[in-house]
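> Predicted model follows, preceded by the sequence.
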Amino acid sequence: MSDSTSAAQTGGNLPYTLGIVSVAALGGFLFGFDTAVINGAVPVLNDLYMDADSGFAAMFEITESARNLWVGQSVAVALIGAAIGAFLAGPITNKIGRKKSMVIAAVMFLASAIGSGMPMTILDFTFWRVLGGMAFGAASVIAPAYIAEVSPAALRGRLGSMQQLAIVIGIFVALMSNLLIAQAAKSGVDLPEGAKAAAQPWIGGFAAWKWMFWIEAIPAALYGILALGIPESPRYLVIQDRDAEAKSVLTKVLGTSGADTKVAEIHSTLNSEHKPRLSDILGPSLFKKIVWLGIGLSVFQQFVGINVVFYYSNLLWQAVGLDESTAFLNTAIGGGTNVLTTFIAIALVDKIGRKPLLMFGSVLMMLSLATMAFIFQTSVDANGVLDLSGDNENKGYVALVALNLFIVGFGASWGPIVWVMLGEMFSNQMRGAGLAVAASAQWGANYLISATFPVMLGVSLGFAYGFYAVSAFLSLLFVMFLIPETKGKELESMGELEGGGS
């Protein structure tokens, strides 16, 4: 099939392809939901930890510093779980296939959602968050690999972008459900000053923050059920010498003639290679160059600070004087902006390519982050506390606009495009292992950024956002000079990006 020919033009079934890609992308939805849902619970967990009668501190010393350590780690430690899940997902999917791996991830999402809403102490809460992290870490490897392997080359960018679209929709739904649940819990209740709506009883007398986690059980169960009904990746089937099954799937995606050609192409690459193994990604400098490029994309995607916005925004907005409801609303607006701008990338990724979008995003993020850094650095009172009220109110509005422009820059570029490239830039032989290492690096970077934000905040909020602005500038240089363009290339030709696999 030529690079410019769509599935429909070759007799393929585009609705069928969209359907199976959408099921795989449900893992991305859960990935986004699970990472963002903690936002609404953090303020309540802070209070629970400091309540000596709750038992939540699990016999640890009840001090403000201990609370910051343990509650912060209970948020960030899920990302360590994600790094582990992403790393293990590569060899597991190569062994048992993409489809069975999705079902396993769905079960882990389900267990984490239920457990996170019924913790006895900070310790078992942390365990459930680690389990959820392992699930969305695995999903971050499984989904882009599966989508890339069932997508025609001419549509692969747009279909690959559905992973990020699902992620940002998951984030938005989590933030909106947090907002709606908190509002429902306080409806008709005269809350005392300082009381949090998320701590109020809701359905069944359970606190609202518990339902914020439990609601995730619905999409988790749906993901597992639907994953049982989709076909296995055709490239995995060919690797397992199950050509007839692979051809059946490819016939629906590409049409009869396209399926015959594609099976032959996959065999051609496999004949010159061996079955995938972890050692395929190793090179003279630990990893092959293409793997280092994937790691670089993953790390820069996180070092610009996007997840600080979605993990800590409620605390941030309350810290500058907004009430709980307004903080929830501002966070939800940011999530909605993230969803809408992802459509820009979907519309343009296969037309203008990956590199131009990444460079555009880097520039817009750099400028907006620098603006926020300046405002936050110059809007502190004599005690070093951020104050965007009174004379600084206009600066507060500018900061809000800059924040949403930052989300626009990320959502239209680095958010979706990195997932597209990670799914397609590795050759068939090394895709599973390469994706696993790159995604693990991404979650490790996410953990570093999330865990160090409170430390940076201790210096100043301006310092934190200044660091993210510098990272955005470095990401621009990284793309300009090191990243190859993968637009329109067949997966079977990706070995060329490695210099013939070396």
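Thanks, I have it.

> Distance from the chain centre to the helix or strand encompassing I114, please.
Assigned by DSSP states H and E, I114 falls within helix 98-116. The chain centroid and the centroid of helix 98-116 are separated by 16 Å, computed with Cα atoms, centre = their mean, to the nearest Å.

> Pull out the buried positions in the helix or strand just after that helix.
Toward the C-terminus, helix 98-116 is succeeded by helix 122-150 as the next helix or strand (DSSP H and E). Going by neighbour count (16 or more other Cβ atoms under 10 Å), the buried part of helix 122-150 is 122, 125-150. To be clear about C-beta, it is placed using only N, CA and C from the backbone, and glycine gets the same treatment.

> Determine the set of other helices and strands touching helix 122-150.
Here helix 122-150 touches helix 14-36, helix 38-50, helix 64-96, helix 98-116, helix 156-186, helix 234-239, helix 415-424, helix 431-459, going by 3 or more Cβ pairs under 8 Å, 6 or more residues apart in numbering; DSSP states H and E.

> Would you format the ones you listed as TSV with mean pLDDT included?
Listed next are the helices and strands packed on helix 122-150 as TSV, based on pLDDT from 0 to 100:
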stretch	mean pLDDT
helix 14-36	90
helix 38-50	81
helix 64-96	82
helix 98-116	96
helix 156-186	87
helix 234-239	88
helix 415-424	85
helix 431-459	82
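
> So which of those has the densest surroundings on average?
helix 415-424 (a mean of 27; mean count of other Cβ atoms under 10 Å).

> can you state the direction angle for it and helix 14-36?
Calculated by axes from the mean of the first three to the mean of the last three Cα atoms, to 10 degrees, helix 415-424 forms an angle of 120 degrees with helix 14-36.

> which residues are in contact with helix 415-424?
For helix 415-424, the external contacting residues (Cβ atoms under 8 Å, 6 or more residues apart in numbering) are 28, 140, 144-145, 147-148, 156-157, 160-161, 163-165, 167-168, 294, 297-298, 301, 306, 338, 342, 345-346, 349, 354, 357-358, 361, 431, 434-435, 438-439, 442, 483, 486, 489, 491, 494.

> K262 reaches L250, doesn't it?
Yes: taking Cβ atoms under 8 Å as the definition, K262 is a contact partner of L250 at 5.2 Å.

> where do the contact lists of these two overlap?
P234.

> how about the helices in the stretch 251-400 of the chain?
Assigned helices in the stretch 251-400 of the chain, in chain order: 256-271, 289-303, 306-319, 324-352, 354-377, 393-409 (criterion: DSSP state H, counting those that start in this stretch).

> Tell me which residues of the last one come out buried.
Put plainly, it is helix 393-409. Buried, per 16+ other Cβ under 10 Å, within helix 393-409: K395, G396, A399, L400, A402, L403, N404, L405, F406, I407, V408, G409.

> Against K288, how distant is the closest residue to A412 other than its chain neighbours?
Nearest non-adjacent residue to A412, counting by Cβ to Cβ, 6 or more residues apart in numbering: I344, 4.1 Å away. Between I344 and K288 the computed distance is 32 Å (Cβ to Cβ, to the nearest Å).

> what about those two, which has more around it?
Between I344 and K288, K288 has the larger neighbour count (other Cβ atoms under 10 Å), namely 21 against 18.

> Please parse this protein into its domains.
Structurally, the chain divides into domains by automatic domain parsing as follows: 9-230+273-498, 238-272.

> Below-threshold pLDDT in the stretch 351-500 of the chain: ranges please.
381-386, 388-389, 428, 489-500 (pLDDT under 70).

> I'd like to know which of the helices of the stretch 251-400 of the chain lies nearest to I104.
helix 289-303 (22.7 Å; Cβ to Cβ).

> May I see the buried residues of that closest one?
In helix 289-303, counting by 16+ other Cβ under 10 Å, buried: 290-303.

> could I get the residues you listed as a markdown table with distance to Y447?
Converted to a markdown table, those look like this (distance: Cβ to Cβ, whole Å):
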| residue | distance to Y447 |
| --- | --- |
| I290 | 24 |
| V291 | 20 |
| W292 | 20 |
| L293 | 21 |
| G294 | 18 |
| I295 | 15 |
| G296 | 17 |
| L297 | 17 |
| S298 | 12 |
| V299 | 12 |
| F300 | 15 |
| Q301 | 13 |
| Q302 | 9 |
| F303 | 12 |
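
> Let's have the residues you listed in JSON lines, adding pLDDT and distance to D323.
Listed next are these as JSON lines, based on pLDDT from 0 to 100; distance: Cβ to Cβ, whole Å:
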{"residue": "I290", "pLDDT": "86", "distance to D323": "49"}
{"residue": "V291", "pLDDT": "88", "distance to D323": "47"}
{"residue": "W292", "pLDDT": "91", "distance to D323": "46"}
{"residue": "L293", "pLDDT": "92", "distance to D323": "45"}
{"residue": "G294", "pLDDT": "91", "distance to D323": "43"}
{"residue": "I295", "pLDDT": "94", "distance to D323": "42"}
{"residue": "G296", "pLDDT": "95", "distance to D323": "41"}
{"residue": "L297", "pLDDT": "95", "distance to D323": "39"}
{"residue": "S298", "pLDDT": "94", "distance to D323": "37"}
{"residue": "V299", "pLDDT": "96", "distance to D323": "36"}
{"residue": "F300", "pLDDT": "96", "distance to D323": "35"}
{"residue": "Q301", "pLDDT": "96", "distance to D323": "32"}
{"residue": "Q302", "pLDDT": "94", "distance to D323": "30"}
{"residue": "F303", "pLDDT": "95", "distance to D323": "32"}
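
> between the residues you listed, which is nearest A174?
When these are ranked by distance to A174 (Cβ to Cβ), Q302 comes first, at 18.6 Å.

> Correct me if wrong: that closest one contacts Q442.
Yes: the criterion here is Cβ under 8 Å, and Q302 meets it with Q442 at 6.0 Å.
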